[in-house]
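> Predicted coordinates and the sequence they were generated for:
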Amino acid sequence: MAGESPGLNIVEAGVPGRMARLGGTSPEVVDALDRLERLLGRHAGSLAEPVKARRDLADIREEAGQRDRDDGRLADALRRLASRVTAVGVLAEAVRQLGVHLRA
C-alpha cells in the first residue's frame, strides 16, 4: 500500500517472505484461517498441544485483522503454530498456505 512501510522480513515454513500490511483481513486470509480452524478441530487428537495451537491461531486471526498490525507478533504466532502442527501434514500445509496469504 502506498505510504506504508513493508512488513517485517520473516522465514515462515521455510519460505522467505515479507508480511503484508493488510489494514484488515483479506477474504483469502479469512478463508485460510477458517480452514485451519476446521482442520485443527478435526486433527486435535493427533497434536501434542491442541489447546496451544488453537490459541496461536486465535492470536494470528486477531493480529491479522488489526490496522496497526504487529508483524513480529504475527510472525512469532505463525512459527509457534507451524511447530505445533508439523507432525500432521494437512495442518502443516494449511499453515504454510496461510503464511503465503499473509506475505507481501
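Structure's in. What do you need? Model, not experiment: these values are computed from the prediction.
> middle-most residue in the protein, spatially?
residue 78 (4.5 Å; CA atoms, centre = their mean).
> Which strand or helix spans that residue?
Following DSSP states H and E, one finds residue 78 within helix 71-85.
> can you pull the buried residues of that helix?
Across helix 71-85, burial judged by 16 or more other CB atoms under 10 Å covers 71, 74-82, 84-85. For every residue, glycine as well, the C-beta is placed using N, CA and C.
> For the very next helix or strand once past that helix, name the packing helices and strands.
Going down the chain from helix 71-85, the next helix or strand is helix 89-102, by DSSP H and E. For helix 89-102, the elements it packs on are strand 9-12, strand 15-18, helix 27-43, helix 71-85, judged by 3 or more CB pairs under 8 Å, 6 or more residues apart in numbering; DSSP states H and E.
> if we can go back for a sec, now the helix holding residue 78 against helix 27-43, angle please.
For helix 71-85 against helix 27-43, the angle by axes from the mean of the first three to the mean of the last three CA atoms, to 10 degrees is 30 degrees.
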